[in-house]
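[1] how would this look folded up:
(one chain, ligands or ions: 1)
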Amino acid sequence: MNSKNDIEPLRSLSKEEYELLRWMFEHGLEDLRTFRPQLESIRAARSCKCGCPSIRLDVPVGAPQGKDAGETIVGDFAGKTQRGELVGVLLFQKAGRLIELEVYSVDGQIKGDSSEFGLPLIESMTLIVWEPIPGRPEAKKSTNFPKNE
Ligand SMILES: [Zn+2]
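    Here you go, the predicted structure:
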């Protein structure tokens, strides 16, 4: 275990992280797909101490750039962990390079003895679809966000 002040060194993606990212590149919106060539060179480190599996992503200078359309979030998904916990997954980019994979509990219902939870299972993943709300140009609503049974 690392102490709270440690900055974790960058490491290769775990097989689970790699497969999840690959699935997201293949099933995300068009802009996200442009980041697919970065997958092989991504290095990662845990970015949060709360028990979630979020990781910061490091893409080396010189790697192919993805499309930076001005949006920080280029991937927006939801899924369920092996223990059935409902989680959201966000992919962040900056200047055409991926910087973060955030996994968050949707409803705080983490099972087990600790606050730790894992990555969602690929077969449970859903691309979140957002639609404008009539009369509220700044707001959007998701039409298919999964719910906990
Ligand atoms: Zn966290």
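[2] next, the buried residues of stretch 53-67.
    By 16 or more other Cβ atoms under 10 Å, the buried positions in stretch 53-67 come out as 53-59, 63, 66. Glycine gets a C-beta too; all of them are placed from N, C-alpha and C.
[3] and the helix ranked longest in the chain, what does it pack onto?
    Counting by DSSP state H, the longest helix found in the chain is helix 15-27. On a contact count with 3 or more Cβ pairs under 8 Å, 6 or more residues apart in numbering; DSSP states H and E, helix 15-27 meets helix 30-33, strand 86-94, strand 97-105.
[4] for that helix, output the C-alpha coordinates as CSV.
    Presented in CSV, the C-alpha positions along helix 15-27 are these (Å, rounded to 0.1, in the frame of the first residue of the first chain):
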residue,chain,number,x,y,z
LYS,A,15,-5.4,-6.0,-19.2
GLU,A,16,-8.8,-5.0,-17.8
GLU,A,17,-8.1,-1.3,-18.3
TYR,A,18,-6.8,-1.9,-21.8
GLU,A,19,-9.8,-4.0,-22.8
LEU,A,20,-12.2,-1.5,-21.4
LEU,A,21,-10.5,1.4,-23.2
ARG,A,22,-10.5,-0.5,-26.4
TRP,A,23,-14.2,-1.2,-26.1
MET,A,24,-14.9,2.4,-25.5
PHE,A,25,-12.9,3.5,-28.5
GLU,A,26,-14.8,1.1,-30.6
HIS,A,27,-18.3,2.0,-29.3
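[5] alright, I will stop here.
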